[in-house]
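Visitor: need coordinates for the below:
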Amino acid sequence: MRVHAASALPAEHLRPLWLALGAWRRIPARYVAIAVALGLAWGLANTFGWWLGSGTTNVARTMVHFVYEAVLPMLFLLLAITVADARTGSDASRALPYAVAAIMAVVAGELVFVATVPLLGLSGCSCTMDAWPAASRAANMLPDSLLICGFVTAGYCYRRQAAARMSRLHAVQLERAQLTRRALESRLQAMQACIEPQFLFDTLSDIERLHATDANSADRMLTELIVYLRAALPHLKETTSTVGKECELAYAYLNIRKLRNPECLSFAFEVDADAQDASMPPMLLLPLIDHVVQDGRRPAAEYVLRIGIHVVHGRLRLALNADAMAFGPGGQGHAVVAGIRDRLHTLYGGAARLEVSSDDRRQSTITLEIPHEPAGPSQGRIPERAA
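Guide: Numbers count the residues shown, from 1 in each chain. Take a look at the predicted model:
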C-alpha cells in the first residue's frame, strides 16, 4: 500500500501540468499566431516609445528584449483563457475565471521573463532601464501588462458572449421554423379535411341514387371511391408524400368526378418514370384540381384537364393546363394559388417557383417547380391511360 501511495503522489503533483499541456494541444494554430502577433506589436510599440523618450544604444537588442517580454504574457494568456473556457463550459456570462486568467498570465509571463533573460543573454536592453533595480523594472511592466491583457481578455469575452447570443438566436429561429412547418402541415391537413367531407357526402348520395337506376355505374363509382379512400386515408397522418401518391389520389378523385359528370370533364396524366418516386409536399395538386372541377368549368362545355409532371434539369416540374376561367384575376383560384405559393415559400424559400399563364384559347397553365428529391419506392402509381 505504501508503494502505491508513494507512486501516486508525483502523479497528483503533475496533474496541473498535464491539464495545461492538454489545454495547449487544443489551441488552434491561428490563435497562437494571433497571440504572437499581439505580443510582437506590443513589443515594437514599447521599443519605439523608449527610443523616442530615452534613446537606445542598440535598437535591435532593445527590440528583442521588449518583444520577448511582451510575447510571453500573450502566450500565457492564451493558455489561461483556454483553461477558463474549460472551466466555464457553455456559460459565457461568467467573467471571474477570465479575470483570474488575465492576472495569472501577467504574473506568469513576468516571472518566466525574469528567470530566463539571463539564460538568453537579454538581461540588458541597451536603454536607460538597464540602470533600474529589477523590482522597479517589473513594477514598470506589470501595469502595462495588466492593462493590455485585460483589454484582450475583455474583447475575447465579448466575442464569446456575442457568439453565444447568436447561437441562441439561431436555435430560436430554428425552433420557429419548425413550429411554422408544423403549423403548415396542420393547414395542409385542414385543407384536405375541407375538401373531403362534402365530396364524400356527394359521392355517397350519387351512389345511392344510381343504385336505383344504373347499378353498374353505381358499382363503378363505389369502386373508385374505395380507391380514393385507400389513397387519401394515409394522408391524414402523413406530413410528406411523393408524386406517385399525390397523383394516385388526384386520379381517383377525378375518376369519381368523371363518373358523376361524364359530359363536362376529361383529364389526362403524363408523369415521367423518374418523377414517380420524387418527394412532393402533400395537398399541392389536389386543391388546384378541386378548384378547377368545382369553379373553373364553362357551362355545358367539355374541356380536357392535363397534368404533366417531369424532371427537368434536376428540378421537379408540374404543369396543370385548365380553363382560364378557373384562375382568372380576382377569382377564388387566385386565393388557391396564393395559398400554395405561400406554403412553397415556407418549405423551400427561393428554391420553389409557381407561375400562372394564359393564352388566347382561354386556357391557363399553372407551372410549379420544386427541387427534385427522390423519396424511395412509392406505393402510388399512375395508370398509363387518360380519362
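Visitor: and residue 309, how many neighbours?
Guide: For residue 309, the tally of surrounding residues (other Cβ atoms under 10 Å) stands at 24. Placement of C-beta: from N, CA and C, glycine included.
Visitor: give me the element it is part of.
Guide: strand 304-312 (DSSP states H and E).
Visitor: quick one: the strands in the stretch 201-350 of the chain, in order.
Guide: Assigned by DSSP state E, counting those that start in this stretch, the strands in the stretch 201-350 of the chain fall at 241-242, 266-271, 279-280, 304-312, 315-323.
Visitor: re the thing from before, in its sheet, which strands sit next to the strand holding residue 309, and in what direction?
Guide: Next to strand 304-312 in the sheet, as set by DSSP bridges, lie strand 266-271 (parallel), strand 315-323 (antiparallel).
Visitor: so which bits of the longest one are buried?
Guide: In other words, strand 315-323. Using 16 or more other Cβ atoms under 10 Å as the test for burial, strand 315-323 gives 316, 317, 318, 319, 320, 321, 322, 323.
Visitor: next one: stretch 99-112
Guide: Residues of stretch 99-112 classed as buried: 101, 102, 103, 104, 105, 106, 108, 109, 110 (neighbour count, 16+ other Cβ under 10 Å).
Visitor: quick one: which two of these are the most distant?
Guide: Spatial extent of the buried residues of stretch 99-112 (Cβ to Cβ) is set by the pair 101 and 110 at 15.2 Å.
Visitor: circling back: make TSV out of the strands paired with strand 304-312 and add mean pLDDT and distance to residue 79.
Guide: Listed next are the strands paired with strand 304-312 as TSV, based on pLDDT from 0 to 100; distance: least, Cβ to Cβ, whole Å:
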stretch	mean pLDDT	distance to residue 79
strand 266-271	86	64
strand 315-323	87	52
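Visitor: of those strands, which is nearest residue 149?
Guide: strand 315-323 (55.8 Å).
Visitor: what's in contact with the closest one?
Guide: 243, 275, 278, 280, 284-285, 288-289, 292, 296-298, 303-311, 362-373 (Cβ atoms under 8 Å, 6 or more residues apart in numbering).
Visitor: okay, now the unreliable bits of the stretch 201-350 of the chain?
Guide: 233-239, 263-264, 294-303, 323-333 (pLDDT under 70).
Visitor: run the last query once more with 90
Guide: Within the stretch 201-350 of the chain, the segments meeting pLDDT under 90 span 201-269, 272-306, 313-314, 320-350.
Visitor: helices of that one, start to end?
Guide: Applying DSSP state H, counting those that start in this stretch to the stretch 201-350 of the chain gives helices spanning 215-232, 243-260, 285-295, 332-348.
Visitor: single out the most deeply packed of those helices.
Guide: Highest mean neighbour count of the helices of the stretch 201-350 of the chain: helix 243-260, a mean of 23 (counted as mean count of other Cβ atoms under 10 Å).
Visitor: hang on, the earlier thing: I'd like to know which of the contacts of strand 315-323 are buried.
Guide: 243, 275, 278, 280, 284-285, 288-289, 292, 296-297, 303, 305-309, 311, 363-366, 368-370, 372.
Visitor: and the residue in the chain sticking out farthest from the centre, what does it touch?
Guide: Using Cα atoms, centre = their mean, the residue of the chain lying farthest from its centre is residue 131. It sits 62.4 Å away. Applying Cβ under 8 Å, 6+ apart to residue 131 gives no contacts.
Visitor: swap in residue 95?
Guide: residue 157.
Visitor: for residue 156, see how far away it is.
Guide: 11 Å (Cβ to Cβ, to the nearest Å).
Visitor: same check, this time on residue 363
Guide: With the distance defined as Cβ to Cβ, residue 363 ends up 65 Å from residue 156.
Visitor: related to what we said a few turns ago, next, the angle from the strand holding residue 309 to helix 243-260.
Guide: Interaxial angle of strand 304-312 relative to helix 243-260 (axes from the mean of the first three to the mean of the last three Cα atoms, to 10 degrees): 170 degrees.
Visitor: show me where the stretch 51-200 of the chain dips below the pLDDT cut-off.
Guide: 51-70, 72, 75-102, 104-200.
Visitor: and the helices in it, which stretches?
Guide: 59-88, 96-120, 134-213.
Visitor: angle of the last one against helix 59-88?
Guide: Same thing as helix 134-213. 40 degrees.
Visitor: which residues are contacting stretch 76-84?
Guide: Contacts for stretch 76-84 (Cβ under 8 Å, 6+ apart): 19-20, 23-24, 26-27, 31-32, 35, 97-98, 100-102, 104-106, 108-109, 112, 149, 152-153, 156.
Visitor: at 6 Å what do you get?
Guide: When contacts are defined by Cβ atoms under 6 Å, 6 or more residues apart in numbering, stretch 76-84 is touched by residues 23-24, 27, 31, 35, 97-98, 101, 104-105, 108-109, 149.
Visitor: give the burial count for residue 134, as a bare number.
Guide: 9.
Visitor: how close does the residue nearest to it when sequence neighbours are not counted sit to residue 138?
Guide: Spatial nearest neighbour of residue 134, excluding adjacent residues (Cβ to Cβ, 6 or more residues apart in numbering): residue 114 at 7.0 Å. Separation of residue 114 from residue 138 (Cβ to Cβ) stands at 7 Å.
Visitor: how near is the most centrally placed residue in the chain to residue 367?
Guide: By Cα atoms, centre = their mean, the mean C-alpha position of the chain lies nearest to residue 174, the distance being 7.1 Å. Note on residue 174: its distance to residue 367, by Cβ to Cβ, is 31 Å.
Visitor: got it, and residue 35?
Guide: Noted for residue 35: a distance of 58 Å to residue 367, by Cβ to Cβ.
Visitor: quick check: phi and psi at residue 94.
Guide: phi -80, psi 120 (degrees, to the nearest 10).
Visitor: quick check: it touching residue 88?
Guide: Yes - assessed by Cβ atoms under 6 Å, residue 94 is found in contact with residue 88 at 4.6 Å.
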